[in-house]
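Engineer: this one's sequence-less:
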């Protein structure tokens, strides 16, 4: 069986869950520290580097 990937559509961190993520880094870096997958559909509208 293959690896299981866990993520969400988008990487905004709700304030009620912010304490579960690192304090440092961009939104994407903080998200990636805990989850190993994300749907990046916003890249159709703007470059991902502008997130955070």
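Structural biologist: Ah, there it is. None of the values given here were measured: they were computed from a predicted structure. Numbering: from 1, shown residues only.
Engineer: CA only for contacts and neighbour counts going forward, please
Structural biologist: OK.
Engineer: just say helix, strand or coil for residue 23.
Structural biologist: Taken by DSSP: H, G, I helix; E, B strand; the rest coil, the conformation at residue 23 corresponds to coil.
Engineer: each with direction, which strands does the helix or strand bottoming out on mean pLDDT in the chain pair with?
Structural biologist: Every helix and strand of the chain was ranked by mean pLDDT, DSSP states H and E. The lowest is strand 7-9, at a mean of 75. Applying DSSP bridges to the sheet, strand 7-9 is found paired with strand 37-39 (parallel).
Engineer: after the least confident helix or strand of the chain, next one along is what?
Structural biologist: helix 27-32 (DSSP states H and E).
Engineer: ok so, going back, can you give me the offset of the least confident helix or strand of the chain from its chain's centre?
Structural biologist: For strand 7-9, the separation from the chain centroid amounts to 7 Å (computed by CA atoms, centre = their mean, to the nearest Å).
Engineer: buried ones in that strand?
Structural biologist: Residues of strand 7-9 classed as buried by neighbour count (16 or more other CA atoms under 10 Å): none.
Engineer: with stretch 17-24 instead?
Structural biologist: For stretch 17-24, burial by neighbour count (16+ other CA under 10 Å) applies to residue 21.
Engineer: ok, residues contacting that stretch?
Structural biologist: 30-31, 33-34 (CA atoms under 8 Å, 6 or more residues apart in numbering).
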